[in-house]
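> sequence and predicted structure below; questions after.
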Amino acid sequence: MLALAIFVATLVLVIWQPRGLGIGWSALAGAAVALATGVVGWGDVGTVWKIVWDATFTFVALIVISLVLDEAGFFTWAALHVARWGGGNGRRLFPLVVLLGAAIAAVFANDGAALLLTPIVLAILLRLDFPPAGALAFVVACGFVADTTSLPLVVSNLVNIVTANFFDVSFGRYAAVMVPVNLVSLAATLLVLWAFFRKDIPATYDVGRLEAPGSAIGDPAVFRTAFPLLGLLLVAYFVTGPLGVPIAFVTGAAALVLMAVAGRWFTGGRGAVIDLSKVLRGAPWQIVLFSIGMYLVVYGLGNAGLTDIAAGALRWLADRGTFIATVGTGFVVAVLASVMNNMPATLVGALAIDRADVGPLTRELMVYANVVGNDLGPKLTPIGSLATLLWLHVLAGKGQRITWGQYMKVGLVLTPPVLLATLAALWVWLPLVSSR
């Protein structure tokens, strides 16, 4: 009960953020109480740090890359191109925006897609004079697709990195399993979003209101560097993975290269356009504190018996066949993520799978189902992920306020069918790819 009380109090502080209290400080406070009361020991600190450090710093490096590119106009350039490809047809533009969100989520992680793309798309929609209902459809689509299509690569979601590191899944193996599964999730996302919002999407819009995409480029040097750098980064992930090089080192190196170009380090700063100090201030440093703090609090829950209960539930699911084990695991962790946030839910799921005594195929299905559930499950409620909470905050700052009731009305309808289709695809695909 003490471990549970500490967790609930910590989660309330993280969500509430009284007087602007950072999520990292709230999580550290919870961890301090857990240490002081003996819910966790000092030895657990090292264990948790080993689990989270690579994922956390990879995430920070990805966001730094995203912020530099955003300052250079990269994402606005891409969004303006997509708006022009729509050709004035709103019903063509809608799937194109969803596809753009999926591409950004794959490379820049779900947070980058939700937090960077959404304001840009909203600004373009306002310029095109979209009605409120139509603008809401596109905005919700951006936020929804950011999570539902954050499956394909290890770096596409913090959940993916934690899971891959915990179970020692290589970058190549993960991609071989999850890229096809993500395509199913993308197709299902498009279908449910279209079915839900089709009546609100404007039939036409005036392309002439849009400026030329090239006008959005604020730093040509950074823009020219973006595509070759991202290509090399993707190759480096596959090459360095089998060598055991931490993903944070590879991503961090790419972030430093991009910062060097943006800051004109090779010319002593002359000609620099982007304020790197602003970029670094905007980086999610609180996530570093949140990861270690919140995971310690959740580890305390595990020590108190939550892991054993969850492992028992997984064994029960495994006894009913691989399909039930896959779908059941995905939905259980999705519900868990929706009420306790997907970051702690990821650790609970990983610890439970590690402790459950199940067959090799079932275990691997459960590992990936844990990823799917924790990537998609947070869309059920506003508190399911930090990205969603931040997304709602960003929208409120832009005058596009979405209440929790409005959000859940959409999330509870759209998430289950996408989650079921994705888990079913995983159950079909993983045995096939494993047999090759």
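Good, I have the coordinates. Residues are numbered from 1 along each chain as shown.
> now stretch 118-126: buried residues?
118-122, 124-125 (16 or more other Cβ atoms under 10 Å). C-beta: built from backbone N, CA, C; applies to glycine.
> of all those, which comes closest to G359?
G359 lies nearest to T118 out of these, by Cβ to Cβ, at 42.2 Å.
> not counting sequence-adjacent ones, nearest residue to the closest one?
C142 (4.5 Å; Cβ to Cβ, 6 or more residues apart in numbering).
> circling back: looking at the buried residues of stretch 118-126, which is nearest F7?
Closest to F7 out of these is T118 (30.0 Å), distances taken as Cβ to Cβ.
> ok, and the closest non-adjacent residue to the residue nearest in space to the middle of the chain?
Nearest to the mean C-alpha position of the chain, by Cα atoms, centre = their mean, lies N110 at 3.2 Å. The shortest distance from N110 to any residue other than its chain neighbours is 3.8 Å, reached at S150 (Cβ to Cβ, 6+ apart).
> the one you found: which element?
Element membership for S150, per DSSP states H and E: none, as it lies in no helix or strand.
> give me the neighbour count for it.
33 (other Cβ atoms under 10 Å).
> now do the contacts for it.
Under the criterion of Cβ atoms under 8 Å, 6 or more residues apart in numbering, the contact list for S150 reads 105-106, 109-110, 113, 156-157, 159-160, 375.
> distance of it relative to A283?
According to Cβ to Cβ, to the nearest Å, S150 stands 19 Å off from A283.
> quick one on the thing from earlier: for the contacts of S150, give me CSV that also has secondary structure.
As requested, these are exported to CSV (DSSP: H, G, I helix; E, B strand; the rest coil):
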residue, secondary structure
A105, helix
A106, helix
A109, helix
N110, helix
A113, helix
S156, helix
N157, coil
V159, helix
N160, helix
D375, helix
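> can you pick the most crowded of those residues?
D375 (34 neighbours).
> ok, now which ones touch that one?
Contacts of D375 by Cβ under 8 Å, 6+ apart are 110, 147-148, 150-151, 157, 159-160, 342.
> what about 7 Å?
147, 150-151, 157, 159 (Cβ atoms under 7 Å, 6 or more residues apart in numbering).
> looking at the residues you listed, which is nearest A387?
So of those, ranked by how close each gets to A387 (Cβ to Cβ), first place is D147, at 6.9 Å.
> now Q17. Nearest residue, chain neighbours left out?
According to Cβ to Cβ, 6+ apart, the nearest residue to Q17 is I23 (6.8 Å).
> surely A272 is in a strand?
No - using three-state DSSP, the assignment for A272 is coil, not a strand.
> quick one: pLDDT of the nearest residue to it once chain neighbours are set aside?
Closest residue to A272 in three dimensions, ignoring its sequence neighbours and counting by Cβ to Cβ, 6+ apart: R264, at 4.4 Å. Predicted confidence (pLDDT) for R264: 89.
> what's in contact with stretch 131-140?
90, 94, 97, 118, 121-122, 125, 197, 200-202, 395, 400, 410.
> can you list these in CSV and add pLDDT, distance to G43 and secondary structure?
Below are those laid out as CSV (pLDDT from 0 to 100; distance: Cβ to Cβ, whole Å; DSSP: H, G, I helix; E, B strand; the rest coil):
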residue, pLDDT, distance to G43, secondary structure
G90, 90, 58, helix
F94, 93, 52, helix
V97, 92, 48, helix
T118, 82, 42, helix
V121, 85, 47, helix
L122, 83, 47, helix
L125, 86, 52, helix
F197, 91, 50, helix
D200, 90, 54, coil
I201, 90, 55, coil
P202, 90, 59, coil
L395, 78, 42, helix
Q400, 75, 47, coil
V410, 86, 44, helix
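> mind putting these in TSV, distance to I51 included?
Output for the contacts of stretch 131-140, formatted as TSV (distance: Cβ to Cβ, whole Å):
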residue	distance to I51
G90	45
F94	39
V97	35
T118	30
V121	35
L122	36
L125	40
F197	39
D200	43
I201	43
P202	47
L395	32
Q400	36
V410	33
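> what's the farthest-apart pair in the residues you listed?
Across the contacts of stretch 131-140 (Cβ to Cβ), the longest gap, 20.4 Å, separates G90 and L395.
> for A212, which non-adjacent residue is closest in space?
L80 (7.6 Å).
> show me what counts as buried in the helix or strand that neighbour falls within.
L80 belongs to helix 74-85 when assigned by DSSP H and E. Residues of helix 74-85 classed as buried by neighbour count (16+ other Cβ under 10 Å): 74-83.
> and for stretch 338-355?
338, 340-353.
> kindly report the same for stretch 175-188.
So for stretch 175-188, counting by 16+ other Cβ under 10 Å, buried means 175, 177-178, 180-186, 188.
> what about the residue nearest to Q17, how many residues nearby?
22.
> can I assume it is in contact with W285?
No - taking contacts as Cβ atoms under 7 Å, I23 lies outside contact range of W285: 10.7 Å.
> need the helix or strand of this protein with the lowest average pLDDT.
Among the helices and strands of the chain, helix 386-397 carries the lowest confidence by mean pLDDT, DSSP states H and E, at a mean of 75.
> three-state assignment of the residue nearest to T118?
helix.
> sorry, back to before: phi, psi for the residue nearest to A272 please.
Note on R264: its backbone torsions stand at phi 50, psi 50 [degrees, to the nearest 10].
> what's around it, how many residues?
Neighbours around R264, by other Cβ under 10 Å: 17.
> how much space separates it from L276?
For R264 relative to L276 (Cβ to Cβ), the value is 10 Å.
> where's V145, which helix or strand?
Using DSSP H and E, the element containing V145 is helix 132-148.
> tell me what angle that helix forms with helix 386-397.
160 degrees (axes from the mean of the first three to the mean of the last three Cα atoms, to 10 degrees).
> return the set of buried residues in helix 132-148.
134-148.
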